[in-house]
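**Student:** sequence first, predicted model second:
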Amino acid sequence: MRENTVKSIWARGGAVLNGWLGIPSAVSAENMAQCGWDSLTVDLQHGHIDYQVAVSMLQAISTTSVTPIARVPWCEPGIIMKLLDAGAFGIICPMINSRAECEAFVGACRYAPRGYRSFGPVRATWYGGPDYYQHANDTVLAIAMIETTQAVERLDEILTVPGLDGIYIGPNDLAITLGRQPSGDPTDPLVLDTIDTILAAAKRHGVRAGLHCGSTAMAKRMIGKGFQFTTLLGDNAFLNMAAKAAVADVRDIALAAAKGGSTY
């Protein structure tokens, strides 16, 4: 069975640097896979990626040692199982608000008797190895998103679900349910205090905690707090930021040239 490097990093007490893929392109995914991430998450919840494109993106990630993960649109067993069969080594599931929802999610990621995942790991066996079935339950990651006040109120019951590997905070949805403005790099005291509460609960129950970070500074702070799975921005954001910076750097010279001024 192929190693899940996320689990290996966690076993050493380290923090995983996760990249985020929202551009529906295998070429873009392959490009991001060359950047040194520990894992890359293909996002099927928000953005424009459908299942077939996701498969091609998982194939592109497979050209490297980066661990492939997928975020599903919802806690729906069919898409969870299809993405695992396609070779995702972890699933991030949004809006988990109760123990029952978490049990349903984790169960879809595990073969019996630990769950109800149906057998048919076609590409997963090509990617993971011929002994995929024997080791899948212990290798595949089940990560539940905690991003509502309802989930925060039920943290203890969610975090004690057998087989749950980690939780992942969506700071924007969390802020909205707290009555605050969404922000990828939150500064609101209530949002930050709630993030700390979630992290403390995860540590208490031995569950790995992760979150989406809107800046490198935020990622550094959160790793310092004890988060062991940090996502830094995303491919769309990196493309947008780099393009804007390049255009701004050259704009003054371009304007001077248009006025007939000397540029050198």
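**Tutor:** Arrived safely, thanks for sending.

**Student:** need the contact partners of stretch 126-133.
**Tutor:** For stretch 126-133, the external contacting residues (Cβ atoms under 8 Å, 6 or more residues apart in numbering) are 1-2, 58, 62, 87, 89, 111, 119, 121, 124-125, 135-136, 139. Quick note: C-beta positions are derived from backbone N, CA and C, even for glycine.

**Student:** so which of those residues are in helices?
**Tutor:** Of those, the ones assigned to helices by DSSP state H are 58, 124-125, 135-136, 139.

**Student:** which one of those residues has the most neighbours?
**Tutor:** Leu58 (25 neighbours; other Cβ atoms under 10 Å).

**Student:** isn't that residue right next to Asp85, touching?
**Tutor:** No - using Cβ atoms under 8 Å, Leu58 makes no contact with Asp85, being 10.6 Å away.

**Student:** can you tell me the SS state at the nearest residue to Pro182 once chain neighbours are set aside?
**Tutor:** Leaving aside its chain neighbours, Pro182 sits nearest to Asn172 (3.7 Å; criterion: Cβ to Cβ, 6 or more residues apart in numbering). Assigned with DSSP: H, G, I helix; E, B strand; the rest coil, Asn172 falls in the helix class.

**Student:** tell me how many other residues surround Asn172.
**Tutor:** Around Asn172 there are 18 other residues, counting by other Cβ under 10 Å.

**Student:** and Arg180, that's in a strand?
**Tutor:** No - under three-state DSSP, Arg180 falls outside any strand and is assigned coil.

**Student:** wait, it touches Val191, no?
**Tutor:** Yes - contact criterion Cβ under 8 Å: Arg180 and Val191 qualify, at 5.5 Å.

**Student:** between the two, which one's more packed in?
**Tutor:** Val191 (22 against 18).

**Student:** for the strand or helix carrying Ala237, list the C-alpha coordinates in PDB.
**Tutor:** For Ala237, the host element (DSSP states H and E) is helix 235-258. This file holds the C-alpha atoms of helix 235-258, laid out as PDB (Å, rounded to 0.1, in the frame of the first residue of the first chain):
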ATOM      1  CA  ASP A 235      -4.500  28.000  -6.900                       C
ATOM      2  CA  ASN A 236      -7.100  30.700  -7.900                       C
ATOM      3  CA  ALA A 237      -5.800  33.000  -5.200                       C
ATOM      4  CA  PHE A 238      -2.100  32.500  -6.100                       C
ATOM      5  CA  LEU A 239      -2.800  33.100  -9.800                       C
ATOM      6  CA  ASN A 240      -4.800  36.200  -9.100                       C
ATOM      7  CA  MET A 241      -2.200  37.600  -6.600                       C
ATOM      8  CA  ALA A 242       0.800  37.000  -8.900                       C
ATOM      9  CA  ALA A 243      -0.900  38.400 -11.900                       C
ATOM     10  CA  LYS A 244      -2.000  41.600 -10.100                       C
ATOM     11  CA  ALA A 245       1.500  42.100  -8.600                       C
ATOM     12  CA  ALA A 246       3.100  41.700 -12.100                       C
ATOM     13  CA  VAL A 247       0.700  44.100 -13.700                       C
ATOM     14  CA  ALA A 248       1.100  46.700 -11.000                       C
ATOM     15  CA  ASP A 249       4.900  46.400 -11.200                       C
ATOM     16  CA  VAL A 250       4.900  47.300 -14.900                       C
ATOM     17  CA  ARG A 251       1.800  49.600 -15.100                       C
ATOM     18  CA  ASP A 252       3.600  52.900 -14.500                       C
ATOM     19  CA  ILE A 253       6.100  52.300 -17.300                       C
ATOM     20  CA  ALA A 254       3.300  51.200 -19.600                       C
ATOM     21  CA  LEU A 255       1.400  54.500 -18.900                       C
ATOM     22  CA  ALA A 256       4.600  56.600 -19.400                       C
ATOM     23  CA  ALA A 257       5.200  54.900 -22.800                       C
ATOM     24  CA  ALA A 258       1.600  55.600 -23.900                       C
END
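
**Student:** packing partners of it?
**Tutor:** In terms of contacts (3 or more Cβ pairs under 8 Å, 6 or more residues apart in numbering; DSSP states H and E), helix 235-258 is packed against strand 16-21.
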